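Chemist: Sharing a model that was predicted from the sequence below.
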Amino acid sequence: MAHIRILATGGTIASRSGQDGASSAERAEKLAAGLSGRHSYSAQDVTNANSYQLRLGEVRLIAEAVHAAVMDDGVDGVVVTHGTDTMEETAFLLDLVHDSPKPVVFTGAQRPADSKVADGPGNLEDAVTAAAAPQLRGCGVLISFAGEILGARGTRKLHTLAESPFGGGVPVAHFVAGTLHVTAVPVRQKPLPLPGEDFDNARVEIIECALGTTPELFSYAVRSGANAVVLAGTGTGNAGAGFAEAVQDAVRAGCPVILCSRVPAGGVVPAYGAGGGVNLVRAGAIPGGDLGPSQARMLAALLTSLPATQDEILQALTTGASRGA
Ligand SMILES: NC(=O)C[C@H](N)C(=O)O
């Protein structure tokens, strides 16, 4: 029997419906009480909020709690319960710093705990099974939801309401009739240092391009002191008139720019001129590879909060943005 640490942070899995909308209410012990008992567990509350309310400081606390759990010789794996809205961000940040073969498995729910058809209990049972699975050791941080287990890197919430809202990451395993089948092992990068207190105040803005978007907001983000900016370009990573010049000004001012795409799959491929990805990269933007804007933002927030020179940050961003580097 494995021993699993369950860390609760809130989200719909812990929510009760109310007149003012669903809000996070249930504690870790209550969530874990319905488990089948195939593995022993210890349950701990880290925070208790809907995930759209979380701040970077709380993500740091979650990272510290996971780190303490994996350092505990009595713990074989960790489950983090979390709201789905920003699960891709916290899970990815934790994947970046995860330095242990022990599985860390995020899960949550799409329907509140007091729903007659709550999906949280089944998801939690699966996540505990995954965290205890020797086959998933060395796979890093995973997201387990509705019977599917994905690597944190590249995973995004792709549907607001679907029972299985996540996609994009490496499909590491799935459950068939309660049995775990492993299908792929994610490529892992060298772990980065845990976030320190400066991470709490890192300011990385995401500016999304659409037809006719001007660089005004982008330049405002740089002028107002952002530590980095993620430019979510169109298509393969393109932007309209004036962006290449604005990127050059940002980079000269010491503000790194990471180029992503607003498109959920396929990644950034600098291929176009006339303000396209070729010009943006020549102006100094770092191609974000397959990272979506929300995950690129977490990488940039972590790197710019670490004690490092500008060159080291740019080098680490470039390495971190390319899969498997
Ligand atoms: N399904 C969910 O968990 C969504 C919720 N709004 C949250 O992210 O906390």
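Modeler: Happy to help now that I have it.

Chemist: Kindly provide the distance from the residue in the chain sticking out farthest from the centre to the ligand.
Modeler: Farthest-out residue of the chain from its mean C-alpha position, per C-alpha atoms, centre = their mean: A274, at 32.6 Å. As judged by C-beta to the nearest ligand atom, to the nearest Å, A274 and the ligand stand 39 Å apart. Bear in mind the C-beta positions are built from the backbone N, C-alpha and C, glycine included.

Chemist: Downstream of the worst-scoring helix or strand of the chain on mean pLDDT, the next helix or strand is which one?
Modeler: One helix or strand of the chain scores below all others by mean pLDDT, DSSP states H and E: strand 23-24, with a mean of 78. Note on strand 23-24: by DSSP states H and E, the next helix or strand toward the C-terminus is helix 28-32.

Chemist: I'd like the next helix or strand past that next one.
Modeler: strand 40-45.

Chemist: and the gap between the residue farthest from the centre of the chain and F243?
Modeler: Distance check for A274 against F243: by C-beta to C-beta, to the nearest Å, it reads 11 Å.

Chemist: how close does the closest residue to A49 other than its chain neighbours get to A22?
Modeler: Leaving aside its sequence neighbours, A49 sits nearest to G10 (C-beta to C-beta, 6 or more residues apart in numbering; 4.3 Å). Per C-beta to C-beta, G10 is found 11 Å from A22.

Chemist: check contacts around the residue nearest to the spatial centre of the chain.
Modeler: Nearest to the geometric centre of the chain sits E89, at 2.4 Å (C-alpha atoms, centre = their mean). E89 makes contacts with V59, S294, Q295, R297, M298, as judged by C-beta atoms under 8 Å, 6 or more residues apart in numbering.

Chemist: what ranges do the strands span in the stretch 1-150 of the chain?
Modeler: Using DSSP state E, counting those that start in this stretch, the strands of the stretch 1-150 of the chain run over 3-8, 15-16, 23-24, 40-45, 77-81, 104-107, 141-145, 148-151.

Chemist: what's the residue of the stretch 51-200 of the chain found nearest the ligand in contact with, if anything?
Modeler: Relative to the ligand, the nearest point of the stretch 51-200 of the chain is G83 (2.1 Å; C-beta to the nearest ligand atom). Residues in contact with G83 (C-beta under 8 Å, 6+ apart) are T9, G10, G11, T12, I13, S24, A49, N50, S51, Y52, L54, G108.
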